[in-house]
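Asker: kindly generate the corresponding structure for this input.
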Amino acid sequence: MTEITKGIYLSSNFNDMDLPLIYEFVKNSYWGESRTFKEQKKASKNTINFGLFKNNQQIAYARVMTDKVFFAYLLDVFVIESEQGKGYSKLLIDHILNAPDLKTVDKWMLATKDAHTLYTKFGFTGIKSPEKLMERLSPRAKKIYE
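Answerer: Residues are numbered from 1 along each chain as shown. As a prediction, this is how the structure comes out:
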């Protein structure tokens, strides 16, 4: 773990992540309600994890799916309810976008229903050419994304 501001630590080590906390938060979100613990663990294990910790307790999380050169997709970003509104999401996103392996990635993407204001502060915009994008959704995913 690396201290990034007084008393707040960042870790990208999968073993530091509080998987039950992550699962419970995501399970209660609009995007993750259909996930099982086993699926969330596998998804986390197969991506780069970023956790913020305060007093040795995880308070925020995000993960990145990437090739570390051309493309990165930001997923499962959250701050636990008791720590929201204190700037931790901005701190987390800033550190993710400036991580040594990620800061030169050409294209970042994410999907959000309600956090556009946060992400525009970091240069995210609406899709310039949405007609170029395609997707394939499983029946389960259709319930979330349609």
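Asker: what about Ala43, how many residues nearby?
Answerer: 18 (other CB atoms under 10 Å). From N, CA and C alone the C-beta is placed, and that goes for glycine too.
Asker: now the nearest residue to Phe25 once chain neighbours are set aside: how far from Arg63?
Answerer: Leaving aside its sequence neighbours, Phe25 sits nearest to Phe78 (CB to CB, 6 or more residues apart in numbering; 5.2 Å). For Phe78, the distance to Arg63 (CB to CB, to the nearest Å) stands at 11 Å.
Asker: give me the more crowded residue out of these two.
Answerer: Arg63 (25 against 21).
Asker: what pairs with that one across the strands?
Answerer: Asn49, Leu75 (DSSP bridges).
Asker: residues touching it, list them.
Answerer: If a contact means CB atoms under 8 Å, 6 or more residues apart in numbering, then Arg63 has Ala43, Ser44, Thr47, Ile48, Asn49, Phe50, Leu74, Leu75, Asp76 as its contacts.
Asker: same check on Ser138?
Answerer: Per CB under 8 Å, 6+ apart, neighbours of Ser138: none.
Asker: the residue nearest to Phe25: helix or strand, and which one exactly?
Answerer: strand 71-79 (DSSP states H and E).
Asker: if we can go back for a sec, the residue nearest to Phe25 touches Ile59, doesn't it?
Answerer: No - using CB atoms under 8 Å as the test, Phe78 is too far from Ile59 to be in contact (9.6 Å).
Asker: nice, that's everything, thank you.
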